[in-house]
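> sequence plus predicted model, see below.
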Amino acid sequence: MYEQQLGLLGPCPACGAARPRYRGSVAPGSGRQVSFGSFRALLDEPRLLTLIGQALGLRPLDAERFADAQGRQVPLEDVHYALQGNADWQGALYNLYMSRAR
């Protein structure tokens, strides 16, 4: 299980748990992943909202909901996954997380 998948609803490939809590190894060369729980805790950070808007073209609806340009709601898990799927966005998210953690 990658760190960004921890706590998400979905079967763990190793044990079948509904909400995995064990973190396996990170993708080679990455090491900058932010778990979904940590991502969720950053949603009050204006810089994260700016990143989501600039990178993904999404606007916040409320504390944990986003919409695309057509007004369709985008699941928070998809927002997190999209940010983790791009090295630059992943790095920006990681830096936001680390600046708060310090």
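On my side now, so go ahead.

> low pLDDT regions in the protein?
Scanning the chain for pLDDT under 70 picks out 1-31, 102.

> pull the longest helix from it.
If you go by DSSP state H, the chain has its longest helix at helix 87-101.

> just checking, what packs against that one?
On a contact count with 3 or more CB pairs under 8 Å, 6 or more residues apart in numbering; DSSP states H and E, helix 87-101 meets helix 36-41, helix 46-56, helix 76-84. C-beta here means a position set from N, CA and C on the backbone, and glycine is covered the same way.

> export those helices to a markdown table and tack on mean neighbour count and distance to Asp68?
Below are the helices and strands packed on helix 87-101 laid out as a markdown table (neighbours: other CB atoms under 10 Å; distance: least, CB to CB, whole Å):
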| stretch | mean neighbour count | distance to Asp68 |
| --- | --- | --- |
| helix 36-41 | 17 | 19 |
| helix 46-56 | 15 | 8 |
| helix 76-84 | 19 | 10 |
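
> just so I know, which of the ones you listed lies nearest Phe66?
When these are compared by CB to CB, helix 76-84 sits nearest Phe66, at 5.6 Å.

> that closest one vs helix 46-56, what angle?
80 degrees (axes from the mean of the first three to the mean of the last three CA atoms, to 10 degrees).

> give me the helices and strands touching helix 76-84, please.
helix 36-41, helix 46-56, strand 65-67, helix 87-101.

> surely Gln33 meets Gly91?
No. Using CB atoms under 8 Å as the test, Gln33 is too far from Gly91 to be in contact (10.5 Å).

> can you put the helices and strands packed on helix 76-84 in CSV and add distance to His80?
Converted to CSV, those look like this (distance: least, CB to CB, whole Å):
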stretch, distance to His80
helix 36-41, 5
helix 46-56, 10
strand 65-67, 11
helix 87-101, 9
